[in-house]
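Asker: Here is my input, please return the structure:
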Amino acid sequence: MACTLGACSLLLGCFADPTPLSEDGTSTSAGTTASTGSDDSGTSTSISTDPSGTNTATSSNPDSTGEQGGSRLQRIDIDTGFIDEALADVPILLRLVPAEVEYDAMQPDGSDLRIYDASEAQLPFEVERWDPAGESLIWVRVGELEPGVPAQIGLGYGAPTVGAPPNPESVWSNGYVAVWHLADSEDATAFGHTLEPFDTPKGAPRPAPGFVGDGVQFKVEDDPLKALAPDDFALATAVTVEAWMNPSTVATTTNHRIAVRKGQAYRLVAVRQNNGRASFIVQLSDLATDVATDHGVPFVADEWRHLTGTFEGEAVWLYVDGVPSSSIGPSLPSLSVQGSTDLLLGGSDYLGGLDEVRVSNVVRSPSWIELQYRSVVGTLVTFHEPEPAG
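Answerer: Model prediction:
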């Protein structure tokens, strides 16, 4: 069934085969009406199909939801015009601001927020920050994106009994070994790599505004943060390391290391010693060879940039702001996995802001990396006006 956005009044438009959610977030069997939840107050929500094929969500007690009463369903378009391959289970960022969503129709704590795909299946999401007066940060894992094929997800709120609550571990389950938003020391993945101060008498970095919510700021007196992991960061054949960074100095007297696995297996560097370029450096398994791929021009201080380094047996790649910058290869051997496998973030040789650090045990593709950049800077999604659900 073709979907004409202007003619479809609810959620994601027209559905050829609607599959509503049960209370636990799983799909129900196909039918004309499916209950999606009820609570002790008698509030219940259902999604039904009328003779025209339009899905309509209704609440038996709409005034018990947000301050204005009634459920809202809001379509969000995802730009796929720039990707050149199919992507699956990819996390994206939704920045919810009062100009885009109706906070007055939500529960004050956002507990009624749910996100759906075009088949009405609920998508896993994480709330990094909830701020109805400002900007809320929501990470959601979308199922499939095809090059050039219009994609939509739906934001539902005002019906607090529908679906499952946030599930960060599921959002970051596709190859991620660690994800640190750096608003705190916690890892959002199931691996649970909590960051700790390094074992020296200096200090830990202090909280500071990041590029996505809060991050950390490293001063000259600060030690690195460390993640202890006997095996998880010993990635010999495939690795992706990414971070948002904002150096306060670009002096070339030392390597300004953002993330480094002890033993030097891989290092994401904001400013490389001597040449002043951002770089992704790997140490090969012969323990004698370092391979570095550098950005073409030096960065300037006090400017947020997104860096991603990848390694596989074919090549080492560096991406800057979602765009491939440089590479070395092909046919490189595996990485060194000798020595300690702790991962260190920042420290006295990196001064400045740090945010959204991630490590993956797979090689992210150019389309994936560009999508992550666009998602964070706010050019990936477009919000439609909220619409009453019933």
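
Asker: separation between the nearest residue to residue 212 once chain neighbours are set aside and residue 215?
Answerer: Of all residues not flanking residue 212 in the chain, residue 356 sits nearest, at 5.4 Å (Cβ to Cβ, 6 or more residues apart in numbering). Yep, even glycine has a C-beta here, placed from its N, CA and C like the rest. According to Cβ to Cβ, to the nearest Å, residue 356 and residue 215 sit 7 Å apart.

Asker: again with residue 107
Answerer: Distance of residue 107 to residue 215, given as Cβ to Cβ: 28 Å.

Asker: Which one of these two is surrounded by more residues?
Answerer: Legend: neighbour count by other Cβ atoms under 10 Å for residue 107 and residue 215, higher for residue 215 (25 against 17).

Asker: so what's the closest residue to the more buried one other than its chain neighbours bridging to?
Answerer: Spatial nearest neighbour of residue 215, chain neighbours left out: residue 355 (3.3 Å); criterion: Cβ to Cβ, 6+ apart. Listed beta-bridge partners, residue 355: residue 244 (assigned using DSSP bridges).

Asker: pLDDT below threshold where in the protein?
Answerer: Along the chain, the parts satisfying pLDDT under 70 run over 1-70, 160-162, 198-202, 230, 262-264, 284-289, 329-341, 348, 390.

Asker: Show me the helices in it, by range?
Answerer: 168-171, 366-377 (DSSP state H).

Asker: Looking at the ones you listed, which is nearest to residue 152?
Answerer: Of all these, helix 366-377 sits nearest to residue 152, with 15.2 Å by Cβ to Cβ.

Asker: Which residues outside that closest one are in contact with it?
Answerer: With contacts defined as Cβ atoms under 8 Å, 6 or more residues apart in numbering, helix 366-377 is touched by 79, 82-85, 87, 90-93, 145, 147, 211-212, 242, 244, 306, 308, 319, 321-324, 356, 364, 380-381.

Asker: Also stretch 96-104?
Answerer: Contacts for stretch 96-104 (Cβ under 8 Å, 6+ apart): 66-68, 72, 74, 132-138, 155, 157, 383, 386.

Asker: Drop anything exposed from those residues.
Answerer: 66, 72, 74, 132, 136, 137, 138, 155, 157, 383, 386 (16 or more other Cβ atoms under 10 Å).

Asker: Mind putting those residues into TSV with distance to residue 179?
Answerer: Shown next, in TSV, are the buried ones among the contacts of stretch 96-104 (distance: Cβ to Cβ, whole Å):
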residue	distance to residue 179
66	31
72	29
74	26
132	25
136	18
137	13
138	15
155	22
157	25
383	25
386	29
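
Asker: Closest to residue 302 out of those?
Answerer: Residue 302 has its nearest neighbour among the buried ones among the contacts of stretch 96-104 in residue 137, at 22.8 Å by Cβ to Cβ.

Asker: is it true that the closest one touches residue 93?
Answerer: Yes: using Cβ atoms under 8 Å, residue 137 is in contact with residue 93, at 6.6 Å.

Asker: close enough to count as contact, residue 139 and residue 91?
Answerer: Yes: taking contacts as Cβ under 8 Å, residue 139 lies within contact range of residue 91: 5.3 Å.

Asker: what residues are shared contacts of these two?
Answerer: 171, 172.

Asker: Tell me, how many residues neighbour the residue nearest to residue 215?
Answerer: Using other Cβ under 10 Å, residue 355 has 25 other residues around it.

Asker: what's near enough to touch it?
Answerer: By Cβ under 8 Å, 6+ apart, the contact set of residue 355 is 181-182, 210-216, 243-246.

Asker: Just to check, residue 344 is in contact with residue 223?
Answerer: No: between residue 344 and residue 223 there is no contact under Cβ under 8 Å: 9.0 Å.

Asker: Mutual contacts of residue 356 and residue 215, please.
Answerer: Listed contacts common to residue 356 and residue 215 are 181, 182, 244; contacts here mean Cβ under 8 Å, 6+ apart.

Asker: Please narrow the buried ones among the contacts of stretch 96-104 to those residing in strands.
Answerer: Counted as lying in strands by DSSP state E, out of those, are 72, 74, 136, 137, 138, 155, 157, 383.

Asker: Correct me if wrong: residue 315 contacts residue 324.
Answerer: No: applying Cβ under 8 Å, one finds residue 315 not in contact with residue 324, separated by 10.6 Å.

Asker: Please indicate which of the contacts of residue 355 are buried?
Answerer: If we count by 16+ other Cβ under 10 Å, the contacts of residue 355 have these buried: 181-182, 210-216, 243-246.

Asker: Show the contacting residues for residue 191.
Answerer: Applying Cβ under 8 Å, 6+ apart to residue 191 gives the contacts 177, 178, 229, 232.

Asker: do that again at 6 Å, thanks
Answerer: Applying Cβ atoms under 6 Å, 6 or more residues apart in numbering to residue 191 gives the contacts 177, 232.

Asker: what is the residue nearest to residue 259 when sequence neighbours are not counted paired to in the beta sheet?
Answerer: Spatially, and ignoring its direct neighbours in sequence, residue 259 is nearest to residue 268 (4.6 Å; Cβ to Cβ, 6+ apart). Beta bridges link residue 268 to residue 259, residue 280, judged by DSSP bridges.

Asker: Number of residues surrounding residue 268?
Answerer: Other residues near residue 268 come to 24 when the count uses other Cβ under 10 Å.
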